[in-house]
Structure formats: structure tokens, C-alpha cells
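Student: I would like the atomic coordinates for the input below:
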Amino acid sequence: MPLSQQIVEDMKTAMKAKDSVALNVIRALKSAIKYAAIEKFGADGELADTDAILVVRKEIKKRQDSIASYESAARQDLADVEKTEIAVLEKYLPAAMSAEDLVKLVEMVIVELGATTKKDMGNVMKVLGERSEGRADNRALSSEVAKRLQ
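Tutor: Below you'll find the model as predicted:
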């Protein structure tokens, strides 16, 4: 089932269950995906699942940043709400790539591109983003690439 259909079904389920937290998160996600589609394709466009997964990751990143801010301001109650929202969003991510697979992918792309310096990092990250298909966090990819490029 495409991600957009899954989101609509989950929204219906959350409405029936009167789960206001999940409903609000799913509505916000649906809206963010629609905005990204409009930005990329125009009013009638629809994002492919790989692009929609990037939007999900972006929404999770926003909430992680909020958690850091709330915890530094001693507002654990608000941080807990953000953590709950992240749990709802993580359902839409594909299974995460194992650490070994991530290392193999990074090494393979570096060899393929002949990357040797930090200047090549942008090209490597672009290819890794396409090949990981949303199964790896960009932060993890970036740190692996940085370890291997001088």
C-alpha cells in the first residue's frame, strides 16, 4: 500500500479510536507531504513513497530538535509530547538499515565514485541518499562518510 493511502487509513483509524495525539500528528504529516508535493510538482502532484519518507524524516527531525530545546529549558512535559509524536511518525519509516549494511553501502559508494577527500562528500551523500531509500538516517550516513574521507 502506498504511504499516502496508509496515512489516510491511519487517520480514519485514529478518528474512530478518538486518539487525538495520533490524529493531529497524522494530519500534520499529511499536510507536510501535500506541501512538499505542491512545491515539487504543482497543485495536482503527488509524492512517491521515497520522497514522502524524506518528509517523514524531516518531521521527526523537527520534533527531535524541539525535544532538545524543551529538555534544556526543563520542560519535560512538552518533551514527552514530542516523543509520543515521534513514535507515531516512526511507523511510516521503512525498516532501518543495519550498521553493517550501512558501512558496506558507504564503502561501496566511496569506491564507485573514487572519493578520497572531504570535497567529495556531497557527491557521496547524494548517491547514498538515493541508494539507502530512506532506510538510513542522514546523520549516520554522514558520520560514516566523514570517517572514511580525509
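
Student: which residue sits closest to Arg131 in space, ignoring its chain neighbours?
Tutor: Leu105 (6.2 Å; Cβ to Cβ, 6 or more residues apart in numbering). C-betas here are computed from N, CA, C, even on glycine.

Student: My understanding was that Ile67 contacts Glu85; is that so?
Tutor: No - no contact is recorded between Ile67 and Glu85 when judged using Cβ atoms under 8 Å, the distance being 9.7 Å.

Student: just the helices in the chain please.
Tutor: For the chain, the helices defined by DSSP state H cover 3-17, 20-41, 49-72, 76-90, 99-113, 121-132, 138-148.

Student: Redo the ones you listed as TSV? Include mean pLDDT and mean neighbour count.
Tutor: Listed next are the helices of the chain as TSV, based on pLDDT from 0 to 100; neighbours: other Cβ atoms under 10 Å:
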stretch	mean pLDDT	mean neighbour count
helix 3-17	94	15
helix 20-41	94	16
helix 49-72	92	16
helix 76-90	95	16
helix 99-113	89	15
helix 121-132	86	16
helix 138-148	86	15
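
Student: ok, the spatially most central residue of the chain to Ser66 distance?
Tutor: Within the chain, the residue whose C-alpha comes closest to the C-alpha centroid is Arg57; the distance, by Cα atoms, centre = their mean, is 1.6 Å. The spacing between Arg57 and Ser66, counted by Cβ to Cβ, to the nearest Å, is 15 Å.

Student: How about the contacts made by Ser66?
Tutor: If you count contacts by Cβ atoms under 8 Å, 6 or more residues apart in numbering, Ser66 has them with 78-79, 82.

Student: if we go to 10 Å?
Tutor: Ser66 sits next to 75, 78-79, 81-83, 85-86 when contact means Cβ atoms under 10 Å, 6 or more residues apart in numbering.
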